[in-house]
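Novice: model the following, please.
(chains A, B, C and D)
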Number of protein chains: 2
Amino acid sequence: MEASRPTARPVGRGVKVREAVHAATLAELVEKGYAALTVEGVAQRAGVHKTTVYRRWKDRESLLVDALAEHMAVDVPVPDTGTVEDDLRALARSLVQSYTSPTGRAVLAAMFTGAARLPEIAAAGGHVFRDRLTRAEPVVTRAVERGELPVGTDPAELLKTLAAPIYLSLLVTGDPVDEATADQAARVALAASLAGAFVPPDVAGPAPG
Amino acid sequence: MEASRPTARPVGRGVKVREAVHAATLAELVEKGYAALTVEGVAQRAGVHKTTVYRRWKDRESLLVDALAEHMAVDVPVPDTGTVEDDLRALARSLVQSYTSPTGRAVLAAMFTGAARLPEIAAAGGHVFRDRLTRAEPVVTRAVERGELPVGTDPAELLKTLAAPIYLSLLVTGDPVDEATADQAARVALAASLAGAFVPPDVAGPAPG
DNA sequence: GGATATCGCAACTCGAAGTTGCGATAGATT
DNA sequence: AATCTATCGCAACTTCGAGTTGCGATATCC
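Specialist: Residues are numbered from 1 along each chain as shown, chains lettered A, B, ... in the order given. Next comes the predicted model:
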């Protein structure tokens, strides 16, 4: 009796299905949007039956969360050009680029303008944002070390200011977003930073007198 | 023959129903959110039958659009304290206040994170934002006239920078939003403005030589 | 080539959207 | 106050998508 491995003989089929359904989910998201996305539609596009989807994912929302998480699991490179100005511009431009593709827009919409009711999706969106922000912080700390920015500059606040107008245009105003938008955001963030707007005012004064 | 008025004898009932349904819609929005809002639930809360709602509004989305539009039809006062700094702070604080109430949050969520698929709702959201922004522009133009801000400062850009971090916290990061958030936004916008970050760089120079 | 996990399929329940016809009610007019 | 009529309540209906179940077909791993 070699009762051996209790799990998984035909496991090869699973990954194919998984990938096909993921791709189909994102595609349907682009075409139909979150509200009009049906499990049956996803299944048909993936060349898979509805029950197969439900066997692998608990419900529609789990499917969305999974597909979005997988799509977001690409790490954006953190620029290191030597000057804050170029670094901030590069950051803003890469942010713009990642959300101006059809898929990027659909993912953004699903995360922040479609499924915010679902705690998991909203949390995933916030998590992605914070994660990218954290990884970009060296851009600021390096600039402080180089003496380009005031000592005590709060990296998170600066980077939020950098990203905020881009998200505003994408989610609220619907203004077109392009490189000029990114460059302007970088310009504003840099100017405010140089003026010390990201240095907490009431900490122990760095040079009181 | 006094065939006279062809329209509206018992019109008094209509307005009551309309108001009750509007209130119920917003209340349900606060409790359940956009996705889980059902027409039947709204009707029951309004003490009205489902068919009555469907006679007055085309479908669920029209009901939402109407309720949101009516709720947004309150004009926020534009501050005029005498200094840009206080004006910007007041603007940011009133923005924070209007979205930190339960109803405010629900309306915001419905506009920008729930119904963005519906062109009418998305357009309404953008319209409300632009409208408020336009009406707040005098704050900037007056400051320029007083010599507090550089000549050529773009009011819209400055005000978008003022509002952007607040919307970012509300819609993306989920960070708590309070007066400190508002004051920080005002601080950043002012600093960037004083540095000339909202003066278009390549227009005919204001003082070339 | 055989064992078995996975998939396809059909048929089902359930809940909410939206519709229809008729009878009841409440408001404006005289 | 009586009446006319628009509006509302009610019940029954269709449609559609979410999610479930049991069984037979198939692909994968050994």
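Novice: contacting residues around A:Leu159?
Specialist: The contact partners of A:Leu159, by Cβ atoms under 8 Å, 6 or more residues apart in numbering or on different chains, come to A:Leu91, A:Leu133, A:Ala136, A:Glu137, A:Val139, A:Val140, A:Ala189. Glycine gets a C-beta too; all of them are placed from N, C-alpha and C.
Novice: pretty sure the first one sits against A:Ala136.
Specialist: What it means is A:Leu91. Yes: here A:Leu91 lies in contact with A:Ala136, judged by Cβ atoms under 8 Å, at a distance of 5.8 Å.
Novice: give me the common contacts of these two.
Specialist: Contacts common to A:Leu91 and A:Ala136, judged by Cβ under 8 Å, 6+ apart, are A:Val78, A:Leu159.
Novice: now which of the contacts of A:Leu159 would you call buried?
Specialist: A:Leu91, A:Leu133, A:Ala136, A:Val139, A:Val140, A:Ala189 (16 or more other Cβ atoms under 10 Å in any protein chain shown).
Novice: which of the residues you listed lies closest to DNA strand D?
Specialist: For these, the closest approach to DNA strand D (Cβ to the nearest atom of the strand) belongs to A:Leu133, at 32.2 Å.
Novice: excluding its backbone neighbours, what's nearest the closest one?
Specialist: A:Leu159 (5.1 Å; Cβ to Cβ, 6 or more residues apart in numbering or on different chains).
Novice: how much space separates that neighbour from DNA strand D?
Specialist: 36 Å (Cβ to the nearest atom of the strand, to the nearest Å).
Novice: helix, strand, or coil at that residue?
Specialist: The three-state label for A:Leu159, taken from DSSP: H, G, I helix; E, B strand; the rest coil, comes out as helix.
Novice: could you pull up phi and psi at the residue sitting nearest the centre point of chain A?
Specialist: Nearest to the mean C-alpha position of chain A, by Cα atoms, centre = their mean, lies A:Val128 at 4.7 Å. With angles defined as degrees, to the nearest 10, A:Val128 sits at phi -60, psi -40.
Novice: need the pLDDT of A:Gly114.
Specialist: Looking at A:Gly114, its pLDDT is 58.
Novice: A:Val11 now?
Specialist: Looking at A:Val11, the pLDDT reads 60.
Novice: which strands and helices sit next to the worst-scoring helix or strand of chain A on mean pLDDT?
Specialist: The helix or strand of chain A with the poorest confidence is helix A:102-112; it has a mean of 84 (mean pLDDT, DSSP states H and E). Helix A:102-112 sits against helix A:12-32, helix A:60-72, helix A:84-100, helix A:119-145, with contacts defined as 3 or more Cβ pairs under 8 Å, 6 or more residues apart in numbering or on different chains; DSSP states H and E.
Novice: if we go to 6 Å?
Specialist: Secondary-structure packing of helix A:102-112 (3 or more Cβ pairs under 6 Å, 6 or more residues apart in numbering or on different chains; DSSP states H and E): helix A:12-32.
Novice: what is the nearest of the buried ones among the contacts of A:Leu159 to A:Tyr34?
Specialist: Nearest to A:Tyr34, judged by Cβ to Cβ, of the buried ones among the contacts of A:Leu159 is A:Leu133 at 24.4 Å.
Novice: quick one on the thing from earlier: what two of the contacts of A:Leu159 are the furthest from one another?
Specialist: A:Glu137 and A:Ala189 (13.6 Å).
Novice: interface residues of chain A facing chain B?
Specialist: A:33, A:35, A:112-113, A:116-117, A:126, A:129, A:160-161, A:164-165, A:167-168, A:171-174, A:187-188, A:191-192, A:195, A:197 (Cβ under 6 Å from any Cβ of the partner chain).
Novice: tell me which of these fall in helices.
Specialist: Among those, the ones falling in helices (DSSP state H) are A:Phe112, A:Gly126, A:Phe129, A:Lys160, A:Thr161, A:Ala164, A:Pro165, A:Tyr167, A:Arg187, A:Val188, A:Ala191, A:Ala192.
Novice: re the thing from before, the residue nearest to the centre of chain A touches A:Met72, doesn't it?
Specialist: Yes: the pair formed by A:Val128 and A:Met72 meets the contact definition of Cβ atoms under 6 Å, at 5.0 Å.
Novice: so where's chain A uncertain?
Specialist: A:1-12, A:113-122, A:202-209 (pLDDT under 70).
Novice: what do you get if the cut-off is 90, keeping everything else the same?
Specialist: A:1-17, A:29-36, A:61-62, A:64-66, A:68-77, A:101-129, A:131, A:170-175, A:201-209 (pLDDT under 90).
Novice: count of neighbours near the closest residue to A:Pro138 other than its chain neighbours?
Specialist: Ranked by Cβ to Cβ, 6+ apart and with sequence neighbours excluded, the top spatial neighbour of A:Pro138 is A:Val78, at 6.3 Å. Residues contacting A:Val78 under the criterion other Cβ atoms under 10 Å in any protein chain shown number 16.
Novice: return the alpha-carbon coordinates of the least confident helix or strand of chain A using CSV.
Specialist: Provided in CSV are the C-alpha atoms of helix A:102-112 (Å, rounded to 0.1, in the frame of the first residue of the first chain):
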residue,chain,number,x,y,z
PRO,A,102,-7.3,50.5,-20.0
THR,A,103,-6.5,47.8,-17.5
GLY,A,104,-4.9,50.2,-15.1
ARG,A,105,-8.0,52.4,-15.1
ALA,A,106,-10.3,49.5,-14.7
VAL,A,107,-8.3,48.2,-11.7
LEU,A,108,-8.2,51.6,-10.2
ALA,A,109,-11.9,52.0,-10.6
ALA,A,110,-12.6,48.6,-9.1
MET,A,111,-10.4,49.3,-6.2
PHE,A,112,-11.4,52.8,-5.3
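Novice: got the angle between it and helix B:119-145?
Specialist: Helix A:102-112 runs at 90 degrees relative to helix B:119-145, counting by axes from the mean of the first three to the mean of the last three Cα atoms, to 10 degrees.
Novice: got the buried residues for helix A:102-112?
Specialist: Buried, per 16+ other Cβ under 10 Å, within helix A:102-112: A:Gly104, A:Arg105, A:Ala106, A:Val107, A:Leu108, A:Ala109, A:Ala110, A:Met111, A:Phe112.
Novice: what is the nearest of these to A:Tyr54?
Specialist: Using Cβ to Cβ, A:Ala110 comes nearest to A:Tyr54 of those, at 19.9 Å.
Novice: gap between the residue nearest to that closest one when sequence neighbours are not counted and A:Arg60?
Specialist: Distances taken as Cβ to Cβ, 6+ apart place A:Tyr34 nearest to A:Ala110, at 4.7 Å, with adjacent residues excluded. A:Tyr34 sits 10 Å away from A:Arg60, going by Cβ to Cβ, to the nearest Å.
Novice: fine, thanks again, bye for now.
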